[in-house]
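>>> Using only what follows, build the 3D model:
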Amino acid sequence: FYKRYFLQTNQLIYQLGEVSDVGVNLHVPGVPLPAHEAVHLLLESQFLTIIIDSMNTMTTVFRKTITVIAILALMEPQVSQGVSQAVSCDAAVQTYVCLPANYSSMDLPLPKEANLILIEIHISDVLVIDDRDFSITYSLYFNVQWREPRLHINTGFFQDRMESPPTEETLTPVDLNLIKDLWVPNVFIYNLKTFKVIDVLSRLAGLWVSPNKDVMYSQASQITFICPMIFNYFPLDTQVCKFQVGSYSYNMEKMIFAVSQLGYAHTSSFVKDRTKSIGSRSIVLDYDIQISPLEEDDKVFVGGPLGNYSLAGFEMILKRHVSHYIITYYLPSGLFVAVSWISFLIPPDIVPGRMALLITLFLVLVNIFNNVTTNSPKAEGLTAIEIWMLACILFVFGALIVYAVILNEKLTASKPRGKQTKRDKKMKQQEIIKMNNGSLGSQEKDPCHEEDAPELLSCHNDQSGGQLRQSLSRAEKKSGKKIKTNYEYAKVDRFFLFFSPFLFLIFNTIYWGYFLLWDKILCKEQGSQ
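Model prediction:
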C-alpha cells in the first residue's frame, strides 16, 4: 500500500496545492483519499504542525516533498484490519463470499460461548506400523469444520451453483485463498511425530462453506503419531493406540471438539458409536486393525490451572496376526521338544546316537532363541515368545541331564572295588562260568558271564529271566553290592518318556491359558470398571 503511494510522489509534488496553517488541497487521480480527510489528519497531528511552521524557511519544492511524506506517514492503510481487498465486502469488485472490513482473524467467531469444532477423519490406508519406533503412519483426509457467523454470503451464491435448492448443511467449494484471511482453529494433535500435506501440482486442500455459515477446511495428508505400545505379550499382544485432537490454547469454555465422521475412505459406513467398528482396509501388515470412537474419559485433557481441554479422535485397536509366528517359531520348537523324547527309547549304551540327538536339538533351539531375541521389539521383561523358547530349551536340556545321570551311574557301577590281581580276576571269571555250566570246559568263554555282563544290553536280550536273576544274584554275592542292569535304567527312561510329555502339556495349558484366555478376561474386567 505504501509502495503504491510512494510511486506517485512525483505526481503529488507537482499537483500539490498551497500549504498553509489552515489545510492542504490535494488533487491525486485514482487515490481514494478526499481532500477534507487529508486536512483533518494534518490538523490533528502535532508533528505535522511543527513541520508546517518550519516550512517558511525552506524552498518550495522541498517544502512540498516534506508535506507529502508527512501525509503518507499519518495515513492508516486498510490492511491493518486483517482483510485483503480481494475478500473485503467494501471492495470495488464484490464477491459472493466476503468478509467485513472490521473482521479480525485473531478473534474467536463466538467470543461469548464455546465454539464447536467438528473433526472428520477419512482414513485412506494404514501404511506403516513400526514396533521398534512405536509409531503408526497412515494417509487420510483430515477435515475441520466450524461456524463463522461473521462471514457474508450472497444469497445467489448457492443458487447459481446447484440445480436443486440447497439445504442449510450443503457445502459448496470456494476459493482456497479465503483461508488466509479467515480465523482458523489452532488444532493440536497429541503425540504427533510428523504431519505431511500431499502435493501433486499444488497442495491437495480445499475450502467449503454452507448457507448457515459453516466453514470446512480439508487436507489430504500423511500422519505419523506415537503410540505407547507394550510388548510383554508379543506376539500374542493387542495394542490400543489413541489418536487425539484438541486445541492448544483454548479450553472447554471456549472450544469444544467432536468427531462428526470417522472411518475408512471410499466406503459408505462410518463409526458413529461404540457398537460399530470398521475392519482393516490396510495393506499387508502384521496386525488386524479396528477403529472405534474414544471413551468418554479420553475426551478430556486435564490441564490443571489452565482448565480442561476438549479432545476428539479415535482408538486404533491392533491385533497381531499370530499364524506367522506359530508356523515360524512355535510349531518347530515344539516339535523339537517332542523329538527329544525319542532319546528315552535309545539304549544308554549307544552314547554317540543319543548324545548327538540331544546336543543337536539343544543347539538348534538356542539358535532360534537368538533369532527371536534379535527380531522381537523391546519390552520391560521377557516377551511371551521368549518364555516359550526358554521353556523348550529347558525341556531338551532336562533330557540331556537325565542321560548324563544315567551315564554317571553306569560308570560308577562298572568301576573295580579295590585293587585286584590278574589272577584273582581270572579265578572269579572261572568260578562264574563253572556255576552256570557245571564245568570249565563245557563251553567257550562267554563275555555275557563276565563280571560286567549284567550291565550289557546285548547279554540281557539273550538270557532268560531266570538265568539273568541267577547271574545277578551270584555277581551281587561276589561283589557285595547290588548291581543295576539296563532294565533298571530302562525304567528310568520309561518314566521320563511319559513324565516329560505330561509336564509339557501342563506348561502349554498354563502358557496359552494365561496369554490368551486370562488376558481377555482381564481386559473385560478393566473395560467394565
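>>> Next up, the contacts around the nearest residue to residue 186 once chain neighbours are set aside.
Closest residue to residue 186 apart from its sequence neighbours, by CB to CB, 6 or more residues apart in numbering: residue 248 at 4.9 Å. Any C-beta I mention is one placed from the backbone N, CA and C, and that applies to glycine too. Residue 248 makes contact with 186, 187, 188, according to CB atoms under 8 Å, 6 or more residues apart in numbering.
>>> One more: residue 245?
Applying CB under 8 Å, 6+ apart, the residues near residue 245 are 119, 187, 188, 189, 190, 257, 311, 312, 313.
>>> State the pair within these that is farthest apart.
Using CB to CB, the pair of these lying farthest apart is 119 and 190, separated by 12.9 Å.
>>> higher neighbour count, those two?
Taking neighbours as other CB atoms under 10 Å, residue 119 and residue 190 compare with residue 119 leading, 22 against 15.
>>> Surely the more buried one is in contact with residue 247?
No. Counting by CB atoms under 8 Å, residue 119 does not reach residue 247; the two are 11.5 Å apart.
>>> Which helix or which strand is home to residue 107?
For residue 107, there is no enclosing helix or strand under DSSP states H and E.
>>> pLDDT wise, what is it at?
Residue 107 carries a pLDDT score of 92 in this model.
>>> Now it: closest residue in space, sequence neighbours ignored.
residue 183 (6.9 Å).
>>> these two touch, right, that neighbour and residue 105?
Yes. Applying CB under 8 Å, one finds residue 183 in contact with residue 105, separated by 4.8 Å.
>>> quick one on the thing from earlier: touching both of residue 119 and residue 247, which residues are there?
residue 257.
>>> Show me which of residue 183 and residue 105 is the more surrounded one.
residue 183 (21 against 14).
>>> So that one, which state does it fall into?
coil (DSSP: H, G, I helix; E, B strand; the rest coil).
>>> Might you report the residue contacts of it?
104, 105, 106, 107, 108, 109, 148.
>>> Just the closest of the residues you listed to residue 390, please.
Nearest member of the contacts of residue 183 to residue 390, counting by CB to CB, is residue 108, at 59.9 Å.
>>> tell me which element residue 318 is part of?
strand 308-320.
>>> Would you give the sheet partners of that strand, along with the direction of each?
Its sheet considered, strand 308-320 pairs with strand 238-247 (antiparallel), strand 287-293 (antiparallel), strand 300-302 (antiparallel) by DSSP bridges.
>>> closest one to residue 329 among these?
That would be strand 287-293 among the strands paired with strand 308-320, by CB to CB, at 17.7 Å.
>>> For the stretch 51-200 of the chain, give me the ranges with low pLDDT.
Scanning the stretch 51-200 of the chain for pLDDT under 70 picks out 51-82, 160-165.
>>> One more pass at 50, please.
51-52, 54-55, 57-59, 61, 76-81 (pLDDT under 50).
>>> ranges for the helices of it?
Applying DSSP state H, counting those that start in this stretch to the stretch 51-200 of the chain gives helices spanning 60-74, 156-159.
>>> Could I get the buried residue list for the last one?
So that's helix 156-159. Residues of helix 156-159 classed as buried: 157, 158 (neighbour count, 16 or more other CB atoms under 10 Å).
>>> Give me the contacts around it.
96, 97, 165, 166, 170, 172, 211.
>>> Mind exporting the C-alpha coordinates of that helix to CSV?
Provided in CSV are the C-alpha atoms of helix 156-159 (Å, rounded to 0.1, in the frame of the first residue of the first chain):
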residue,chain,number,x,y,z
GLY,A,156,-27.4,-16.2,-5.1
PHE,A,157,-24.1,-18.0,-4.5
PHE,A,158,-25.7,-21.4,-3.9
GLN,A,159,-28.5,-21.0,-6.4
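>>> just to revisit the earlier point, could you dump the contacts of residue 248 into JSON lines with neighbour count and distance to residue 364 added?
Output for these, formatted as JSON lines (neighbours: other CB atoms under 10 Å; distance: CB to CB, whole Å):
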{"residue": "186", "neighbour count": "11", "distance to residue 364": "58"}
{"residue": "187", "neighbour count": "17", "distance to residue 364": "54"}
{"residue": "188", "neighbour count": "16", "distance to residue 364": "52"}
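>>> what's the pLDDT at residue 341?
Residue 341 is given a pLDDT of 95.
>>> so it makes contact with residue 498?
No. Here residue 341 does not reach residue 498: they are 9.3 Å apart, not a contact under CB under 8 Å.
>>> Neighbour count: those two, which is higher?
Between residue 341 and residue 498, residue 341 has the larger neighbour count (other CB under 10 Å), namely 19 against 11.
>>> Is that one part of a helix or strand, or is it coil?
helix.
>>> what's around the nearest residue to it once chain neighbours are set aside, how many residues?
Computed as CB to CB, 6+ apart, the closest residue to residue 341 that is not its neighbour in sequence is residue 500, at 5.5 Å. Using other CB under 10 Å, residue 500 has 21 other residues around it.
>>> can you tell me which residues contact residue 500?
Here residue 500 is in contact with 340, 341, 344, 395, 398, 399 (CB under 8 Å, 6+ apart).
>>> Among the residues you listed, pick out the one closest to residue 224, please.
So of the contacts of residue 500, ranked by how close each gets to residue 224 (CB to CB), first place is residue 395, at 42.8 Å.
>>> and residue 224, that one's in a strand?
Yes. Remark: residue 224 belongs to a strand, assigned using three-state DSSP.
>>> That one contacts residue 134, doesn't it?
No. Counting by CB under 8 Å, residue 224 sits too far from residue 134 to count as a contact (10.8 Å).
>>> what do the two both touch?
Common neighbours of residue 224 and residue 134 (CB under 8 Å, 6+ apart) do not exist.
>>> hey, which strand is longest across this structure?
strand 115-130 (DSSP state E).
>>> which secondary structure elements does that strand contact?
Where contact means 3 or more CB pairs under 8 Å, 6 or more residues apart in numbering; DSSP states H and E, strand 115-130 is packed against strand 135-147, strand 214-226, strand 238-247, strand 255-264, strand 287-293, strand 308-320.
>>> how about a cut-off of 6 Å?
Applying 3 or more CB pairs under 6 Å, 6 or more residues apart in numbering; DSSP states H and E, one finds that strand 115-130 contacts strand 135-147, strand 255-264.
>>> circling back to that earlier point, dump the contacts of residue 500 to a markdown table, plus distance to residue 153.
Converted to a markdown table, those look like this (distance: CB to CB, whole Å):
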| residue | distance to residue 153 |
| --- | --- |
| 340 | 80 |
| 341 | 81 |
| 344 | 87 |
| 395 | 76 |
| 398 | 81 |
| 399 | 83 |
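>>> On the three-state scheme, the residue nearest to residue 131 when sequence neighbours are not counted is what?
Distances taken as CB to CB, 6+ apart place residue 377 nearest to residue 131, at 4.0 Å, with adjacent residues excluded. Following three-state DSSP, residue 377 is assigned to coil.
>>> Then residue 361?
Strictly by three-state DSSP, residue 361 counts as helix.
>>> Would you mind confirming that it makes contact with residue 398?
No. Counting by CB atoms under 6 Å, residue 361 does not reach residue 398; the two are 11.8 Å apart.
>>> per-residue confidence averaged over the longest helix along the chain?
Taking DSSP state H as the criterion, the chain has its longest helix at helix 384-413. Across helix 384-413, pLDDT averages out at 92.
>>> Which residues are in contact with residue 244?
190, 311, 313 (CB atoms under 6 Å, 6 or more residues apart in numbering).
>>> do the same with residue 122
Counting by CB under 6 Å, 6+ apart, residue 122 touches 140, 141, 265.
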